[in-house]
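> Here's my sequence, what's the structure:
(chains A, B, C and D)
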Protein chains: 2
Amino acid sequence: MGQIEDIANEANRCTRCSASVTSVCGLSDLVTHAGIAAVSGRRFVAAGQTILASGGEAAVVGTVLGGILKVSKTLPDGRERIVSLLYPGDFFGQLFTASMDFAVEAATDVEICAANRLAYESVIGRHPKLEHAILLATSKALAVAREISLLLSCQTTLERVATYLLVTVGRRDHLLSGIRLPTRNSVATLGISRSDVASYLGTTIETISRHLHYLEHKGVILILDNNHFEVLDADRLQSIAGVSDNDLGLFMPAPVAGMSQDRHSHTATVLPLHLTK
Amino acid sequence: MGQIEDIANEANRCTRCSASVTSVCGLSDLVTHAGIAAVSGRRFVAAGQTILASGGEAAVVGTVLGGILKVSKTLPDGRERIVSLLYPGDFFGQLFTASMDFAVEAATDVEICAANRLAYESVIGRHPKLEHAILLATSKALAVAREISLLLSCQTTLERVATYLLVTVGRRDHLLSGIRLPTRNSVATLGISRSDVASYLGTTIETISRHLHYLEHKGVILILDNNHFEVLDADRLQSIAGVSDNDLGLFMPAPVAGMSQDRHSHTATVLPLHLTK
DNA sequence: TTGAGCGTTTGACTCAAATCAATCGTTCCC
DNA sequence: GGGAACGATTGATTTGAGTCAAACGCTCAA
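Numbers count the residues shown, from 1 in each chain, chains lettered A, B, ... in the order given. Next up is the predicted model:
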């Protein structure tokens, strides 16, 4: 088999991958695809398993294909805080650092596409397009992390619970249709354990329980079971959450192509700071 | 003047810049330096001025040369929350997005090196090394943002104040010596207004005042004036803060070369990423 | 010198949410 | 069927920290 066929073959594994729509693998370039595919492999990880330990070696990086990963750190006093949740299409791991600042664990049973970090870095070195895609993904993760730190310090726990429900429903709608569904009656599936939700929202399971029942009592949601909640009044839920559509949108997955859509869309605009050198 | 001289001239403006040690401009490559210099210019901004408005056009990006910038968002109810503080050497602004997710304002009188965003992006497109440096900076900003969200949701306000003092002192020591000073008796200079500190730590000026006086009462610090605090017992302060050395280190500036030290620490000028898998 | 203006400190009060604790409901296994 | 194990709920209590308000101290200008 010739080199061209080799590349095409490897690349196919990526282009046919469901994650390539929203992940950093979503690149038009076949050669890049082949480069990633050559060092990557699919793996199943059971819920609760640690993929990368906080403070441990940053051995692998990769993409979530299915399930939910949590990025967390356990404090000296034993409490664990989840600083980020990663969904299918999200990149995980840390590049260009020897040791992990945070742990990466499976919040549910997950399927990942993983690569040796150094090998992946070498692919990045050969494919600027890939590095660009990763920069975009990292930039977005930064915006999300800052938005979360905003939520944590400014919102009440009720507002956080409401926001989480909205984001969860929004994510599902987003995945189903690509656009916001006209009907906003939707079911939020937690997916992760109640204690993980509590850790992510910086609160306790008791408080979450109270707020969920409060929201049901007010007729805003319907508790179907411990993991499923039907949103009856999305507008009311959003007004309780106190966040704008815009801010909610930050949490939604965005196709890689869309992230840089404005890059060449218009010519240079005027600089407000009136630049001279 | 020939082309070579032109490049050398432009590049000199960057290589001689004090920020190039810790900023994304810290690149060995003269051509890249020249590319950045060609689109960048120095600017003074008075304290309180807005450089980029939240939701506004992401018109410029750049590097802090002196002073402190704040990255913030004002909530619908009028309260402002600072999600990040940027010090000399830090990159500011958002790349590859049309509108700003957060505002960027001068917390003190600042000097910046700014560039039109689109022009800068085009430099990035021509210089993968620059994009790589920016990826490293963004990755670090992400780790810091997550660490902050950890502090906000897990630590008491007293712990946050203690952590802030430690980080402030540490940053000064860091800048002075490049390494940790043997003596840990140091003076923390707030630099920014008390209300900015409060906003950054997710608390109020009253609470900060109380905790500072509590720490003085306990003999851990000495209040010199409203902006200067001598740390008398750094170990005790750290045990009150309840954070590890490692976590504190995340907040310290790191030379760009050092950030990727595990990759090509030996030869800075060689083409990056020639690692085999 | 005086007083306006601003930021800081201090005190009193309130409240959201954590903590502690008991109960309930499942599931699963002997 | 019984009961251990686990998670979710509900209640009672405590507390950290925000809010409100008053007093203090400093700077600056008339």
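
> quick check: longest helix of chain A.
The residue-count maximum for a helix in chain A (DSSP state H) belongs to helix A:128-154.

> Could you give me the buried positions within that one?
A:128, A:130-154 (16 or more other C-beta atoms under 10 Å in any protein chain shown). C-beta here means a position set from N, CA and C on the backbone, and glycine is covered the same way.

> Could you report the neighbour count for residue A:205?
By other C-beta atoms under 10 Å in any protein chain shown, 14 other residues sit near residue A:205.

> Alpha carbons only: can I get stretch A:29-49 in PDB?
C-alpha atoms of stretch A:29-49 as PDB (Å, rounded to 0.1, in the frame of the first residue of the first chain):
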ATOM      1  CA  ASP A  29      -6.700  18.600   6.300                       C
ATOM      2  CA  LEU A  30      -6.400  14.900   5.700                       C
ATOM      3  CA  VAL A  31      -2.700  14.800   6.500                       C
ATOM      4  CA  THR A  32      -3.300  16.300   9.900                       C
ATOM      5  CA  HIS A  33      -6.100  13.800  10.500                       C
ATOM      6  CA  ALA A  34      -3.700  11.000   9.600                       C
ATOM      7  CA  GLY A  35      -1.000  12.400  12.000                       C
ATOM      8  CA  ILE A  36      -3.400  12.500  14.900                       C
ATOM      9  CA  ALA A  37      -4.800   9.100  14.100                       C
ATOM     10  CA  ALA A  38      -1.400   7.600  13.900                       C
ATOM     11  CA  VAL A  39      -0.700   8.300  17.600                       C
ATOM     12  CA  SER A  40      -4.200   8.000  19.000                       C
ATOM     13  CA  GLY A  41      -6.300   5.100  20.100                       C
ATOM     14  CA  ARG A  42      -9.800   4.600  21.500                       C
ATOM     15  CA  ARG A  43     -10.200   3.500  25.100                       C
ATOM     16  CA  PHE A  44     -13.000   2.800  27.500                       C
ATOM     17  CA  VAL A  45     -12.700   4.000  31.000                       C
ATOM     18  CA  ALA A  46     -15.100   3.000  33.800                       C
ATOM     19  CA  ALA A  47     -16.800   5.600  36.000                       C
ATOM     20  CA  GLY A  48     -14.700   6.700  38.900                       C
ATOM     21  CA  GLN A  49     -11.400   5.800  37.300                       C
END
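
> Quick one: check it for contact with DNA strand D.
No: against DNA strand D, stretch A:29-49 shows no contacts by C-beta under 7 Å from any atom of the strand, the least distance being 9.8 Å.

> now the angle from the longest helix of chain A to helix B:128-154?
In terms of direction (axes from the mean of the first three to the mean of the last three C-alpha atoms, to 10 degrees), helix A:128-154 departs from helix B:128-154 by 20 degrees.

> tell me the SS of residue A:88?
At residue A:88 the chain is in coil, as set by DSSP: H, G, I helix; E, B strand; the rest coil.

> Can you give the distance of the helix or strand that contains residue A:31 from its chain's centre?
According to DSSP states H and E, residue A:31 maps onto helix A:30-39. Here the centre of helix A:30-39 is set off from its chain's centre by 23 Å, with C-alpha atoms, centre = their mean, to the nearest Å.

> now stretch A:147-163
Relative to the centre of its chain, stretch A:147-163 is centred 18 Å away, using C-alpha atoms, centre = their mean.

> same question, stretch A:232-240
Worked out by C-alpha atoms, centre = their mean, stretch A:232-240 lies 24 Å from the chain centre.

> burial count for residue A:210?
Neighbours of residue A:210 under the rule other C-beta under 10 Å: 14.

> Could I get the contacting residues of it?
Contacts for residue A:210 (C-beta atoms under 8 Å, 6 or more residues apart in numbering or on different chains) come out as none.

> how about whichever strand or helix holds it, does it get close to DNA strand C?
According to DSSP H and E, residue A:210 maps onto helix A:205-217. Yes: Helix A:205-217 is in contact with DNA strand C by C-beta under 7 Å from any atom of the strand, via A:206-207.

> That helix vs DNA strand D: in contact?
Yes: with C-beta under 7 Å from any atom of the strand as the measure, helix A:205-217 is seen reaching DNA strand D through A:205-206, A:208-210, A:212-213.

> Low-confidence stretches in chain A?
Filtered on pLDDT under 70, chain A yields the residue ranges A:1-3, A:6-7, A:10-11, A:173-185, A:255-277.
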